[in-house]
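**Q** Okay, sequence plus prediction incoming.
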Amino acid sequence: MGTGLEVELRHGHGMEVEGYLKKQNNLLSMKKRRFFKITEQTLFCCHEEGQGPSWEMDLNDVRISGRLNQLRINVTSPDRNLILYASSKEEYDTWFDALQKSALRNVEEFYELGTMIGEGAFAKVFTGLDKNTLEKFAIKVIEKNKTDPQELEFINRELNIMKRVNHPNVVRTYDIFESKDKLHIVMEFMAGATLADVFKAKKEFTHSVRSPYRPPPTLPLTCRLSDHGAGWLVLPRHRNFKKF
């Protein structure tokens with residue numbers, strides 16, 4: 001594994017598209033011009049660009065259909081039937097493709113969630129199995145509607161770091177799936193004892209234990225230390241990496 005930046009996610013990044021479209025709630029209602037934005041698997045509708053969303057739609061398993069000759073896209077969910085109109089064929093193609101990919105891109109398409117191996121205040125960690133390769137991963141599931149805004153802001157900053165860091169001493173992030181209510185982070189699975197177990201067993205966590213130059217035999221079971229001398233630890237319960 002290289003030490004460069006920029007992580008290439010196994011199943012790509014979520015869609016990011018924005019722009020003005022005309023919308024109808026049904027074929028008999030008036031068309032209204034609105035600013036739309038797709039972020040991962042959520043469609044946001046704003047009255048104008050730069051304003052907060054007036055509503056949002058989870059694109060998980062919605063049905064997307066369209067009529068190119070009318071530049072019309074139908075977005076159908078159990079509780080909403082949305083009709084969108086593009087202003088050109090190019091715009092239609094861009095939005096139709098983005099909506100379809102977002103509707104089909106969910107964690108269950110690629111991974112099978114197994115047993116829970118960790119739990120925190122806002123998240124749970126499960127084992128995950130790639131449905132094609134049968135590789136084992138750790139999948140962190142965050143309930144966004146149960147997480148306070150400040151914590152969500154911290155999580156988003158953490159995600160931006162995780163998307164960019166690719167180093168053999170940092171737990172690797174392989175995929176990120178985000179919907180309106182949940183965030184799934186697919187990470188490298190680390191077996192073995194937890195850092196808390198090492199603290200209990202060692203009683204004193206001295207510099208010799210955490211030194212990147214003299215790691216004891218038990219430490220590789222818990223974490224991998226950086227060769228940059230900074231003493232970074234990657235927690236095996238797939239939460240964060242921390243610095244001494």
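**A** In hand now; what should we look at?
**Q** Enumerate every residue touching the spatially most central residue of the chain.
**A** Residue closest to the mean C-alpha point of the chain, counted by C-alpha atoms, centre = their mean, is Ile176 at 2.9 Å. Contact partners of Ile176, counting by C-beta atoms under 8 Å, 6 or more residues apart in numbering, are 9, 13-14, 40, 159, 162-163, 183-186. Placement of C-beta: from N, CA and C, glycine included.
**Q** The same query, at a cut-off of 6 Å, please.
**A** Going by C-beta atoms under 6 Å, 6 or more residues apart in numbering, Ile176 touches Ile185.
**Q** for it, helix, strand, or coil?
**A** Here Ile176 takes the strand state, with states given by DSSP: H, G, I helix; E, B strand; the rest coil.
**Q** shaky segments in the protein?
**A** Across the chain, the ranges flagged by pLDDT under 70 are 1-8, 12-14, 192-196, 198, 202-244.
**Q** all strands of it, in order?
**A** Here the chain has its strands, by DSSP state E, at 15-24, 32-40, 42-46, 55-58, 63-67, 72-77, 80-85, 111-119, 123-130, 136-143, 173-178, 182-188, 232-234, 241-243.
**Q** Out of the ones you listed, which is closest to Ala103?
**A** strand 63-67 (5.4 Å; C-beta to C-beta).
**Q** list the buried ones in that closest one?
**A** Residues of strand 63-67 classed as buried by neighbour count (16 or more other C-beta atoms under 10 Å): 64, 66.
**Q** That strand packs against which elements?
**A** Other helices and strands packing on strand 63-67, by 3 or more C-beta pairs under 6 Å, 6 or more residues apart in numbering; DSSP states H and E, are strand 72-77, helix 89-104.
**Q** With mean neighbour count and distance to Glu49 added, can I get those in JSON lines?
**A** JSON lines is the format used below for the helices and strands packed on strand 63-67 (neighbours: other C-beta atoms under 10 Å; distance: least, C-beta to C-beta, whole Å):
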{"stretch": "strand 72-77", "mean neighbour count": "18", "distance to Glu49": "20"}
{"stretch": "helix 89-104", "mean neighbour count": "18", "distance to Glu49": "15"}
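**Q** can you pull the contacts of the residue of the chain positioned farthest from its centre?
**A** Going by C-alpha atoms, centre = their mean, the residue of the chain most distant from its centre is Leu28, 37.8 Å out. For Leu28, the contact set (C-beta under 6 Å, 6+ apart) is empty.
**Q** State the phi and psi torsions of it.
**A** Here is the backbone geometry of Leu28 (degrees, to the nearest 10): phi -100, psi -10.
**Q** hmm, back to that, closest one to Ser102 among the strands of the chain?
**A** With C-beta to C-beta as the criterion, Ser102 lies closest to strand 15-24 of those, at 4.9 Å.
**Q** So the residue nearest to Glu143 when sequence neighbours are not counted versus Tyr111, what's the distance?
**A** Of all residues not flanking Glu143 in the chain, Lys182 sits nearest, at 6.3 Å (C-beta to C-beta, 6 or more residues apart in numbering). In this view, Lys182 and Tyr111 are 13 Å apart by C-beta to C-beta, to the nearest Å.
**Q** who's more crowded, these two?
**A** Tyr111 (25 against 18; other C-beta atoms under 10 Å).
**Q** hmm, back to that, separation between the residue farthest from the centre of the chain and Phe122?
**A** Taken as C-beta to C-beta, the span from Leu28 to Phe122 is 43 Å.
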